[in-house]
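sequence isn't available, so here's the structure alone:
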Ligand code: PMP
C-alpha cells in the first residue's frame, strides 16, 4: 500500500483536504518531502519548531536523555534531572509569583489544569474568557474558546463560562466576586494576531486582583520568544496568576506547562490529593528537549534578533496592493487579504512554489506567518519573494 493510501485509510482525518505533504526529513527552516521537493517552512508546525527543525543541541540533549532513561513513573513522584532543570530554568526567567511548574503534554491540557486550579483556589465556578479567543480542543478548553460553530456539536460544555469583548476596559466589569478565573491570550493568536492596549491588560490585572479572580495568561502560542520577548506579558509588565505554555516550549517534542506560585500549586496536592494527574506529563525526554530549546532561546542576542526579523517580513509585504493589513509582534504575524478565497489561492500558490504559510482556524481572511525564530534575513527574503509573486497573481 502506498503511504498516501495508508494515510487516507488508517489515519483519522481532521479535514476533507489535508495538505498531505509526504515528509522525508526537516532541517533548520526547511522541510524535505519524499518526492524530492524542498519547502521553506514559514509556520514552524504552527509555532512549534522555534529553534528550527533538527537543531543539533536539541538532538544531542534528547539522545543523551533517551540513553539514560525515558518514562519511569507518572508525573510528580520521582526526581528526574531534566525535569528539575527545566523547572528551575523557567523559574529563573519568570517573576517571583510564577516559580512552580507543572509539566503536562499539550496546550489544551495546560489550560484545562489552569482552569481547574482557578476553581480549586477560589471555590468559585464562573470562568470568563474573551471573544475570538482560542485555548484548545478538549471539553474545558473548548468551553472557553470562542468559535461557536466549532463548539456547537459538542455541547453541553463546561457550565458557567462567559465571553466578553477583547481589549475593552468597560467589559471587565463582568468580572466579579463570583469569577473563579479569567483566561486570555495576552496577544490573541487565532483571532489573527490581535494586540491589546497596555491600559486594557493593566485594567484586567487590577480587576482580577480586586475581585480575587485568578488571571490566566495562555502563552501557548506567544511564549518562548515568539513575540520577541521570552513571554508576551513582558511587553506589558502585567503578571498573571497562572501562565500556560506549550508549542514552542518543547523544541518539537510534546510538552505543556502551567506555572503559578507554590502556594497555589500545592492546592492540587490535598483535599483531594492528586488534584491534577497525568501519566506522561514531565516526560524526561521531552523536558530535555525543552531545556535545550530554552537554553538556545536565552543565548545572548537571540531574543533581540526576533523583532527585526519580524519587521523585515512586514516591510517586504506591507506595501503590496493586495495586502489589506498586517498585525504583528516579533515573528508572530497575520496578513489580511480582501477575502477567504484570496487567502486560499495564496496559500496554494506558495505551497506549489515551495513556501509554507497557513490558515487561522477562525480568521479566514488572513493567513499566518510564524517561522522558526532562527530564520535568517536571506531566508525571509526568499520566502517573501514567493509570497509577493503569489500576491501579484491574486484577482
Ligand atoms: N492556546 C493557544 C493560544 C493556542 O494557540 C493553542 C494551539 N493552537 C492551544 C492553546 C492548544 O494547544 P494544543 O494544540 O497543544 O492543545
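Great, that's in hand. Predicted model, so just to flag it, every value in this text is computed and none were measured.

what's the spacing between the closest residue to the ligand within the chain and residue 280?
Nearest to the ligand, among the residues of the chain, is residue 107, at 2.2 Å (CB to the nearest ligand atom). Every C-beta, even on glycine, is put in place using the N, C-alpha and C of the backbone. According to CB to CB, to the nearest Å, residue 107 stands 15 Å off from residue 280.

before we move on, what about residue 66?
15 Å.

same drill for those two, tell me which one is more crowded.
residue 280 (15 against 12; other CB atoms under 10 Å).

might one say that that one is in contact with residue 105?
Yes - the pair residue 280 / residue 105 is scored as a contact, 5.4 Å apart, by CB atoms under 8 Å.

can you give me the strands for the stretch 101-250 of the chain?
126-130, 161-164, 179-184, 214-218, 242-245 (DSSP state E, counting those that start in this stretch).

need the ones you listed in a markdown table with distance to the ligand and mean pLDDT, can you?
Below are the strands of the stretch 101-250 of the chain laid out as a markdown table (distance: least, CB to the nearest ligand atom, whole Å; pLDDT from 0 to 100):
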| stretch | distance to the ligand | mean pLDDT |
| --- | --- | --- |
| strand 126-130 | 11 | 98 |
| strand 161-164 | 15 | 98 |
| strand 179-184 | 9 | 98 |
| strand 214-218 | 5 | 99 |
| strand 242-245 | 7 | 99 |
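
name the SS class of residue 14, please.
In three-state terms, and counting by DSSP: H, G, I helix; E, B strand; the rest coil, residue 14 is coil.

just read off the phi/psi values of it.
phi -110, psi -10 (degrees, to the nearest 10).

just give me the neighbour total for it.
With other CB under 10 Å as criterion, residue 14 counts 6.

please shift the residue numbers so they start at 12 in all later answers.
Sure, I'll start counting at 12 from here, so that last one is residue 25.

right, and the residue of the chain closest to the ligand touches residue 258 too?
Yes - the pair residue 118 / residue 258 is scored as a contact, 6.2 Å apart, by CB under 8 Å.

what does the stretch 62-211 of the chain have sitting close to the ligand?
Contact residues (CB under 6 Å from any ligand atom) of the stretch 62-211 of the chain with the ligand: 117, 118, 119, 122, 145, 146, 147, 196, 200, 201.

what do you get if the cut-off is 5 Å, keeping everything else the same?
117, 118, 119, 146, 147, 196, 200 (CB under 5 Å from any ligand atom).
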